[in-house]
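Colleague: With the input below, show me the fold.
(one chain, ligands or ions: 1)
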Amino acid sequence: MWNEKLTAPGNAEDATIAEAVHRTAAGAPDQAPAQPFARATPVTAPSSAAVAELREAILAKLAYAIGKTPQTARERDWFAATALALRDRIVDACRAGAGQVPNKRVYYLSLEFLIGRLLSDAMNNLGLVETTRAALRDLGIELDSVEGAEPDAALGNGGLGRLAACFIESMASLSIPAIGYGIRYDHGLFRQSLEDGWQKEAPETWLAEGNPWEFVRPEATYTIGFGGHVTMQSVSEGVIRRQWHPAETVRAVAHDVPVVGWRGRHVNTLRLWKAEAETPVELARFNGGDHVGAVAARARVEAISRVLYPSDSSEAGQELRLRQEYFFTSASLQDLVRRHVGERGDLRSLPDHAAIQLNDTHPAIAVPELMRLLIDDHGLTWEDAWHVTTNTLGYTNHTLLPEALETWSVDLMERVLPRHMQIIYLINWMHLEEQGRHGRANAAQLASVSLIEEANGKRVRMGHLAFLGARRVNGVSALHTDLMRSTVFKDLHALDTDKIVNKTNGITFRRWLHNCNPELTRLAVETVGEGVLDRPELLTGLADHAADAGFQARYRAMRRARKEALAKVVAERTGIAVDPESLFDVQIKRIHEYKRQLLNVIETVALYQAIKAEPNRDWTPRVKIFGGKAAPSYVQAKLIIKLACDVARVANDDPDVAGRLKVVFLPNYSVSLAEAIIPAADLSEQISTAGMEASGTGNMKLALNGALTIGTLDGANIEIRDHVGPDNIFIFGLDAAGVQARMDEPDYAKAAIAASPRLAAALDLIGSGGFSPDDPNRFRPIVDSLVHEDRYLLTADFDDYWRAQRAVDAAWNDPAAWWRKAILNTARMAWFSSDRSMREYAEEIWRVRVA
Ligand code: 26V
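Modeller: Numbering: from 1, shown residues only. Here you go, the predicted model:
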């Protein structure tokens with residue numbers, strides 16, 4: 001089914017660009033802007049019958065599902081009515097393929113799905129963008145404002161959660177039968193505001209007015225246990241059955257969000273679990289007058305799906321987090337086991353019909369949980385259960401940072417999941433025995449591969465557990481996968497050298513090109529043909545036009561329009577006026593020391609000083625744009641945000657640098673804000689300490705949209721360089737091996753600062769209160785941590801970063817060369833589609849056929 005036919009319009013310098021200049025990308029005050037442009041697909045007017053039909057469907061939803069009239073409806077009501085009408089179309093698409101049981105399904109278990117808005121995705125994939133626009137316009141409503149009324153589903157922290165969202169969309173687009181399993185958090189990632197430059201967090205409330213996309217499935221409810229004890233019972237000669245008697249239980253209720261793939265060909269399900277108490281209220285207590293106590297137990301168990309943990313490293317070790325992990329993993333496994341038994345009967349054939357992918361170690365408790373379900377509930381032998389488990393599970397690692405590697409104390413595990421701890425001990429015992437049989441029994445070797453770490457109290461290593469339980473373990477970029485083999489998993493890798501494979505991340509082009517950048521998409525369609533919407537590799541055809549002045553002009557016009565729109569967003573949200581003629585230099589991602597926003601801020605300070613010293617040089621005008629959230633407990637990251645804001649205030653107010661340098665920290669970075677920023681970026685900052693960023697995916701989104709990357713040889717940056725070519729990217733700094741070597745040098749930071757007068761001067765100004773006259777010592781901790789430790793090698797890379805930035809300035813001053821590079825980036829990024837990633841997983845990990 002494909003509803004709207006795309007044809008290239010004759011008039012290339014189309015109205016949408018001019019339109020964008022005049023329209024404010026508003027959105028609700030606290031929300032990200034709606035996409036302020038017409039979509040690239042399609043250009044021909046939709047049929048009037050199709051428009052009328054959808055219009056009537058929306059009106060009916062408004063009346064009968066929302067209970068409003070067009071006169072009383074708010075934008076949010078129009079959004080809900082439109083979403084419900086489109087959801088019906090998704091259900092129709094779903095029913096077209098219903099009835100057949102697929103041979104094999106993929107189950108993607110992820111504690112995070114950072115989805116963002118769904119309306120534009122649904123419209124675009126159903127081919128109904130223009131039909132919806134026209135239907136709403138008939139009713140006097142603008143699609144842009146309806147889109148702006150949809151809250152982001154921010155059920156994730158950053159890269160890992162956004163990757164899961166891209167993958168689920170790609171699987172639907174490739175017709176890979178799949179279910180994504182996660183948690184339906186009442187409150188997603190916190191809302192960030194900046195009070196005098198200090199990050200403040202407020203709860204996020206995406207469900208405040210309900211969620212029109214979801215279906216509640218009370219019939220898919222499972223009981224999840226916690227605590228209690230385990231009994232043994234002899235069932236026959238030599239056969240002992242263990243039974244877990246949990247002290248506490250909670251119900252997991254399925255909420256399904258349909259995910260429609262490209263061209264509406266296939267629909268998958270995102271099944272999110274909500275925790276509900278078995279007993280909503282203890283009536284006797286309530287009637288006895290204890291109204292609060294009567295619901296206390298309920299509040300305790302329902303806390304499990306209340307809030308997303310807002311950290312993407314450390315802070316592990318909290319019981320609620322472990323309960324969240326077990327809750328969603330157990331519900332998902334019970335659900336898929338029940339489905340398999342219903343469809344096939346015998347659980348020993350599970351590996352033939354199910355591939356379960358663990359998104360990081362958060363669902364690693366799946367290893368003992370699947371064993372428990374198979375053995376205790378379904379009577380399989382240990383050997384059969386282990387065979388099923390290790391042929392069904394796959395594990396993706398997303399970080400090697402020590403503080404982000406999950407471990408759980410044995411004490412806590414024994415208290416919360418006593419039966420699982422028994423199973424883990426047995427897995428470990430057999431695993432270590434096996435080492436002995438292979439003559440690898442020395443204490444150090446055994447300690448390094450053991451599931452139990454004994455260094456600081458006994459703890460279960462969840463990465464090791466996932467590794468042993470999985471058939472394949474993958475990293476997310478070539479470098480990251482190599483480092484997995486040579487560092488954290490070195491000894492486990494030696495036991496089975498085929499187990500670790502690489503699957504470089506990708507991004508869905510539907511959202512990160514077609515939806516967020518319709519002008520560029522249209523330009524691509526007009527230049528290389530409509531097939532590019534299905535086969536991104538056709539983008540390479542743009543390379544033939546990269547040096548063409550006319551084509552460059554159109555590419556620039558696209559960027560210019562998006563920069564003007566972003567400038568309006570910046571003005572609305574920060575009050576700062578930025579000039580779209582300037583180079584827009586963008587660093588958008590979680591705030592983390594290893595991502596080195598601080599390196600960028602220090603370079604900004606050095607640039608500020610240089611401009612003030614030589615105001616009459618022809619400086620390249622730049623706007624430095626930052627966006628990102630810090631974990632609420634991450635003191636240093638919050639101080640870096642404050643520094644960026646203080647530098648911004650001083651630089652933006654200084655007439656000496658006016659017209660040359662502006663600094664902006666955009667608050668409350670989100671998926672929808674990313675959709676507004678990325679098409680407007682000229683320069684993409686990917687400057688992590690080499691070896692520390694597993695892959696990055698923002699780097700791919702920005703390069704696809706034609707921002708040039710300034711970056712280190714880290715994560716997928718290396719593969720991006722390989723694709724776009726070394727002349728079309730600005731690489732600087734130490735590589736991963738260089739970082740390792742430098743870390744072993746004593747006092748390397750002091751030496752680097754002494755050798756760089758520019759760095760020393762910038763640090764002096766920051767450390768002496770140059771940006772914080774009200775509190776001159778405010779940033780001392782930042783400067784001190786650089787001088788005394790510099791764990792992230794900022795000082796080592798600073799001079800080369802400065803050099804690379806000046807190379808960027810020079811390149812910007814040669815527009816024909818700059819735009820050629822930008823176009824070549826777009827032309828050569830097709831490989832980074834998450835469709836490619838998903839095909840690779842399907843073939844090499846899941847062994848499912850892709851049509
Ligand atoms: C760890 C923890 C530790 C306990 C507290 C909560 C929590 C939450 C998340 C994590 C792991 C975060 C790992 C992560 O997000 N990695 C990112 O994954 C992206 C997708 O593969 C990748 O592009 C980024 O480079 C990588 O940092």
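
Colleague: In the stretch 501-650 of the chain, what residue lies closest to the ligand?
Modeller: The ligand sits closest to Asn505 of the stretch 501-650 of the chain, with a gap of 5.1 Å, by Cβ to the nearest ligand atom. From N, CA and C alone the C-beta is placed, and that goes for glycine too.

Colleague: burial count for Asn577?
Modeller: No, residue 577 isn't Asn; it's Ala. 10 (other Cβ atoms under 10 Å).

Colleague: oh, I was asking about Gly394
Modeller: 24.

Colleague: residues contacting the residue in the stretch 351-500 of the chain positioned nearest to the ligand?
Modeller: Across the stretch 351-500 of the chain, the shortest distance to the ligand (Cβ to the nearest ligand atom) belongs to His398, at 3.5 Å. Neighbouring residues of His398 by Cβ atoms under 8 Å, 6 or more residues apart in numbering: Gly159, Leu160, Leu163, Asn359, Asp360, Val476, Ala694, Ser695.

Colleague: So what does Asp714 look like in phi/psi?
Modeller: Dihedral angles of Asp714 (phi, psi; degrees, to the nearest 10) stand at phi -130, psi 150.

Colleague: Next: Ser768.
Modeller: The phi and psi values for Ser768, taken as degrees, to the nearest 10, are phi -100, psi 10.

Colleague: wait, it sits on Pro776?
Modeller: Yes: between Ser768 and Pro776 there is a contact at 6.4 Å, judged by Cβ atoms under 8 Å.

Colleague: Quick one: residues contacting the single nearest residue of the stretch 101-250 of the chain relative to the ligand.
Modeller: Residue nearest to the ligand within the stretch 101-250 of the chain: Gly159 (2.9 Å; Cβ to the nearest ligand atom). By Cβ under 8 Å, 6+ apart, the contact set of Gly159 is His398, Lys589, Arg590, Ala694, Ser695, Gly696, Thr697, Gly698.

Colleague: Output the residues you listed in a markdown table; the columns should cover distance to Gly738.
Modeller: Below are those laid out as a markdown table (distance: Cβ to Cβ, whole Å):
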| residue | distance to Gly738 |
| --- | --- |
| His398 | 24 |
| Lys589 | 23 |
| Arg590 | 25 |
| Ala694 | 19 |
| Ser695 | 20 |
| Gly696 | 19 |
| Thr697 | 25 |
| Gly698 | 24 |
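
Colleague: which one among those residues gets closest to Asp384?
Modeller: His398 (31.2 Å; Cβ to Cβ).

Colleague: Let me know whether my guess that the closest one is in a helix holds.
Modeller: No: per DSSP: H, G, I helix; E, B strand; the rest coil, His398 lies outside any helix segment and is coil.

Colleague: and this structure, which of its residues are near the ligand?
Modeller: Applying Cβ under 6 Å from any ligand atom, we find that the chain lies next to the ligand at 157-160, 163, 309, 311-313, 315-316, 360, 398-399, 404, 406, 476, 505, 693-697, 715.

Colleague: Among the residues you listed, which are located in strands?
Modeller: Among those, no residue falls in strands (DSSP state E).

Colleague: Filter those residues down to the ones in helices?
Modeller: Gly159, Leu160, Leu163 (DSSP state H).

Colleague: hmm, who's touching the host helix or strand of Gln192?
Modeller: Assigned by DSSP states H and E, Gln192 belongs to strand 191-195. Contact with strand 191-195 is made by 30, 199-204, 629, 641, 645, 665, 667-669, as judged by Cβ under 8 Å, 6+ apart.

Colleague: neighbours of Gly238, just the number please.
Modeller: Residues near Gly238, counting by other Cβ under 10 Å, number 6.

Colleague: ok, back up a step: could you export the contacts of Gly159 as a markdown table, including pLDDT and distance to Asn728?
Modeller: Below are these laid out as a markdown table (pLDDT from 0 to 100; distance: Cβ to Cβ, whole Å):
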| residue | pLDDT | distance to Asn728 |
| --- | --- | --- |
| His398 | 98 | 28 |
| Lys589 | 98 | 22 |
| Arg590 | 98 | 27 |
| Ala694 | 98 | 24 |
| Ser695 | 98 | 20 |
| Gly696 | 98 | 17 |
| Thr697 | 98 | 19 |
| Gly698 | 98 | 18 |
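
Colleague: Please consider this matter closed, and thank you.
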